[in-house]
Each structure stands twice: as structure tokens, then as C-alpha cells.
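In: Task: produce atomic coordinates for the following.
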Amino acid sequence: MVDVSPDENDAIKEEAPAPPAPAPPADAGESKEGASRDAAPVGGRDAGRRDRPERPRSGGGRRYFGRRKVCSFCVEHATSVDYKDPGKLRRFVSDRGRIEARRKTGTCAKHQRWLAIALKRARHLALLPYTPEHIRNAGVFTTRR
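Out: The predicted structure follows:
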């Protein structure tokens, strides 16, 4: 067993080289943009955006959504959606042949379910197209404005 006095311990510690101090960032204190980037929050909405400068926000923070759409079937007091009327159903199908979303057409939830069933029945009877290729071959739809 080696007996080491406190004086020798201090000498050993002093001989060990000190780790190098971290270098300050190249743009430290030069601009406000660099300072805000370094102080970006760790998590949340701005996580991973440290490399992009902050953009000034304009406006009051509220978005304009426009007028609420009304369900055309509710206005007509419809008791069912007729699958045999492709002219009326085409309004609810996109130019790609897909069923349009409720938020786009304004249809209520109940009538959107009825509409989906009617569109599928009309497709099955070849009154409406399944795919854009069917639309091109048949020339059913015209271009939208």
C-alpha cells in the first residue's frame, strides 16, 4: 500500500492538462438574428428550426375562413340521395373521379354518408367513372374554372 500525502496529490492534479475552453461562436454578439437562433427553444413548435432565421409575423393571428357552406340536401329537405341522377352526383366528384370531402362541398355528415353510397352505386352501374382514365375515355367531365 502506497501512502500519498496531500501535497503529492495536489501536484498530480496540477500536472494534468486542463481541458480546452469551448470556442465562442463565430457570430456571437454580431447580429440579433444569430442570437435568436442560439436561444431557440428545445421542443415545441419551433423544434428543429435553428438553422432558419425567424420570420416576422403579420396579422392578428386569426385566419379568415369565409362563409360557412350549407348542405344542399338539407336545403332541399332530401329524404334520400338518388344514385340514378349522375348530373347531380357529378358535383360531388373531383376531376380525378374521387368523392369530394365534406369541408369542400359543405355536405353535412348524414348526407355525406348517403352521398358516398349513391356515388358507389352509380359507379357500379357505370353512370359515373371510377378513375381519371375512364373520364378521359368517356369525356364525361369538362375542365373546371
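In: Every contact and neighbour count from this point should use C-alpha atoms.
Out: Noted.
In: Report how many residues lie close to Arg121.
Out: Neighbourhood size, Arg121 [other CA atoms under 10 Å]: 16.
In: List the buried residues of the helix or strand where it lies.
Out: Counting by DSSP states H and E, the element that carries Arg121 is helix 109-124. For helix 109-124, the buried set under the neighbour-count rule, 16 or more other CA atoms under 10 Å, comprises His111, Gln112, Leu115, Ala116, Ala118, Leu119, Lys120, Arg121, Ala122, Arg123.
In: State the mean pLDDT of it.
Out: Mean pLDDT, helix 109-124: 96.
In: could the buried residues of helix 109-124 go into a markdown table alongside distance to Pro22?
Out: Shown next, in a markdown table, are those (distance: CA to CA, whole Å):
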| residue | distance to Pro22 |
| --- | --- |
| His111 | 65 |
| Gln112 | 62 |
| Leu115 | 66 |
| Ala116 | 64 |
| Ala118 | 69 |
| Leu119 | 67 |
| Lys120 | 67 |
| Arg121 | 70 |
| Ala122 | 71 |
| Arg123 | 69 |
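In: Pro86 touches Ala126, doesn't it?
Out: No. With contact defined as CA atoms under 8 Å, Pro86 does not count as touching Ala126 (9.9 Å).
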